[in-house]
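[1] Sequence first, then the predicted structure:
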Amino acid sequence: MKVLIADKFEQSGIEGLKAAGCDVLFEPDLKDDALAAAIGSSGADVLVVRSTKVTEPMLDAGRLSLIVRAGAGYNTIDVAAASTRGIYVSNCPGKNAIAVAELAWALLLAVDRRIPDNVADLRAGTWNKKEYSKARGIYGQTLGVLGIGNIAAEVVRRAAAFGMNVVIWSRRFDGRSGPISEADARAAGLEQAMRATAIALAPTPEAVAEQCDVLSIHLALGKETRGMVGESVLSKLKPGAVVINTARGEVMDHDALAKAVAGRGVRAGLDVYANEPSAATGDFADPVVALPGVYGTHHIGASTDQAQEAIAAETVRIVRTYKETGRVPNVVNLARQTPARFRLIVRHRDRPGVLAHVFDHLREGNINVQETENIVFEGAEAAVASINLDGEPAAALIERIRAGNADVLDLQLVTV
């Protein structure tokens, strides 16, 4: 199996892929047309990327069957185009959660204590203890969290150590409010945090903003979340509240943030932006980062050695599993539920050509097979095939299947 790595990647991961028997091509600087050309010329089966964009023309350039995003999000990959071509897309969820959570807390503390300004003045030869002694502190305040995936759970766990209360909104909690239940805490990985601090649910993002002193954003980017943290949310924050975004720049309306900063003294710590350079270095312009009380980093949340080693190991596991079994861990683009409306259950002798006979007749009846499972009994003399179909076979068609092969022992059609 040939693996093309078109992004920065740990040496341990490269060695792990080679140890798994893969032919590895490491070309971390490939982008755009050059990447499309390399996909075609290399004959790669697997493409591994981090922030590199994967577009539809790239998918048509070669014979890829799997794309691995060496990280959690996968918004830089044209997943819809991959799905129409039968190309798996997989990611490494949770492996960088601690690293991003650590940066979220670093940004919060930097905003509260104005650490970048302290450093800048000291380097410029200015001593100003009088000014920089002014800080609110975060003990006893309320941390508001939008979204509760792996990263948000790590942020909440650390809130307990800082003596903060927590209020959460998430689509998984379906608009509920009040103290979090043990079942909900367990589902979100917050059992330990629940024992150490008060955690409540809020029915809307606006309700979180009304209650919190610090708002930390952990929303995946999608149609529903693009621009979700806009004026309707930010206008509900208390004057001087802090906003932390280590998720995706596009989930926040930066014009609304600028308005909240200028008009109500809202402060912010940002690691992500809507218009980031595609390369690791380059020019960058976003007016919001120049505002007083706004501190920015360079989309480095996941960039610790610990996180990258963990992601590399997970990438190796994904590719190795695919190579050895044909299964893809963490795949993100399989249908949650197929359009199948009927299931044909075929009890048959385990002989060559039986299922081919069944499929031939289904094709003649213009019935599409969505999924198939064939379970073989001990001794390999008989088996039962469960075949999901997008339409209902006519009674005459079922009878032709039954009568046309002596190894078909029984047929049963059920509605899914």
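    Looks like it arrived, so ask away.

[2] okay, CA-based contacts and neighbour counts for the rest of this
    Will do.

[3] got any ranges where the stretch 201-350 of the chain has weak pLDDT?
    337-338 (pLDDT under 70).

[4] Outline the domain layout of this structure.
    Annotated domains of the chain cover 2-95+306-325, 97-301, 342-415 [automatic domain parsing].

[5] Nearest to residue 333 among the ones you listed would be which one?
    Residue 333 lies closest, by CA to CA, to one member of those: domain 2-95+306-325, at 6.1 Å.

[6] I'd like to know how far the nearest residue to residue 262 once chain neighbours are set aside sits from residue 258.
    Leaving aside its sequence neighbours, residue 262 sits nearest to residue 291 (CA to CA, 6 or more residues apart in numbering; 8.0 Å). According to CA to CA, to the nearest Å, residue 291 stands 8 Å off from residue 258.

[7] Look at these two and report which has more neighbours.
    residue 258 (21 against 13; other CA atoms under 10 Å).

[8] and the more buried one, what helix or strand is that in?
    helix 254-264 (DSSP states H and E).

[9] and residue 282, what element?
    Residue 282 is part of no helix or strand when elements are defined by DSSP H and E.

[10] swap that for residue 33, please
    helix 32-42.

[11] Show me what counts as buried in that helix.
    35, 36, 37, 38, 39, 40 (16 or more other CA atoms under 10 Å).

[12] quick one, phi psi at residue 168?
    phi -130, psi 140 (degrees, to the nearest 10).

[13] How much space separates it from residue 261?
    Going from residue 168 to residue 261 by CA to CA gives 23 Å.

[14] neighbour count winner among these two?
    A direct count of neighbours by other CA under 10 Å for residue 168 and residue 261 places residue 168 higher, at 31 against 24.

[15] So the more buried one is in contact with residue 146, correct?
    Yes. Contact criterion CA atoms under 8 Å: residue 168 and residue 146 qualify, at 6.1 Å.

[16] Pull up the overlap in contacts between those two.
    Residues touching both residue 168 and residue 146 (CA atoms under 8 Å, 6 or more residues apart in numbering): residue 208.

[17] Tell me if residue 94 really is in a strand.
    No. Counting by DSSP: H, G, I helix; E, B strand; the rest coil, residue 94 is not part of a strand but coil.

[18] who's in contact with it?
    72, 150, 151.

[19] which stretches of the stretch 1-150 of the chain form helices?
    Along the stretch 1-150 of the chain, counting by DSSP state H, counting those that start in this stretch, helices occupy 11-19, 32-42, 56-61, 79-84, 97-113, 115-123, 129-132, 150-161.

[20] Please compute how far the fourth one lies from its chain's middle.
    Right, helix 79-84. 16 Å (CA atoms, centre = their mean, to the nearest Å).

[21] packing partners for it?
    The contact analysis (3 or more CA pairs under 8 Å, 6 or more residues apart in numbering; DSSP states H and E) places helix 79-84 against helix 56-61, strand 88-90.

[22] Name the residues that touch the helix holding residue 258?
    Contacts of helix 254-264 (CA under 8 Å, 6+ apart): 230, 231, 234, 235, 239, 240, 266, 267, 288, 291, 292, 293.

[23] need the residues you listed in JSON lines with distance to residue 63, can you?
    As requested, the contacts of helix 254-264 are exported to JSON lines (distance: CA to CA, whole Å):
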{"residue": "230", "distance to residue 63": "42"}
{"residue": "231", "distance to residue 63": "45"}
{"residue": "234", "distance to residue 63": "46"}
{"residue": "235", "distance to residue 63": "49"}
{"residue": "239", "distance to residue 63": "55"}
{"residue": "240", "distance to residue 63": "53"}
{"residue": "266", "distance to residue 63": "50"}
{"residue": "267", "distance to residue 63": "48"}
{"residue": "288", "distance to residue 63": "43"}
{"residue": "291", "distance to residue 63": "47"}
{"residue": "292", "distance to residue 63": "50"}
{"residue": "293", "distance to residue 63": "49"}
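
[24] From those residues, which land in strands?
    Residues of the contacts of helix 254-264 located in strands (DSSP state E): residue 267.

[25] which among the contacts of helix 254-264 gets closest to residue 92?
    For these, the residue nearest residue 92 by CA to CA is residue 230; the value is 29.1 Å.

[26] can you pull the contacts of the closest one?
    252, 253, 254, 256, 257.

[27] from these, which single one is nearest residue 223?
    For those, the residue nearest residue 223 by CA to CA is residue 252; the value is 12.8 Å.

[28] pLDDT value on the residue sitting nearest the centre point of the chain, please?
    Nearest residue to the geometric centre of the chain (CA atoms, centre = their mean): residue 73, 3.7 Å. Per-residue pLDDT puts residue 73 at 80.

[29] Residue 225 contacts residue 253, correct?
    No. If you go by CA under 8 Å, residue 225 and residue 253 don't touch, sitting 10.8 Å apart.

[30] quick one: which of these two has more around it?
    The neighbour comparison of residue 225 against residue 253 (other CA under 10 Å) goes to residue 253, with 18 against 14.

[31] Having no further points to raise, I will conclude here.
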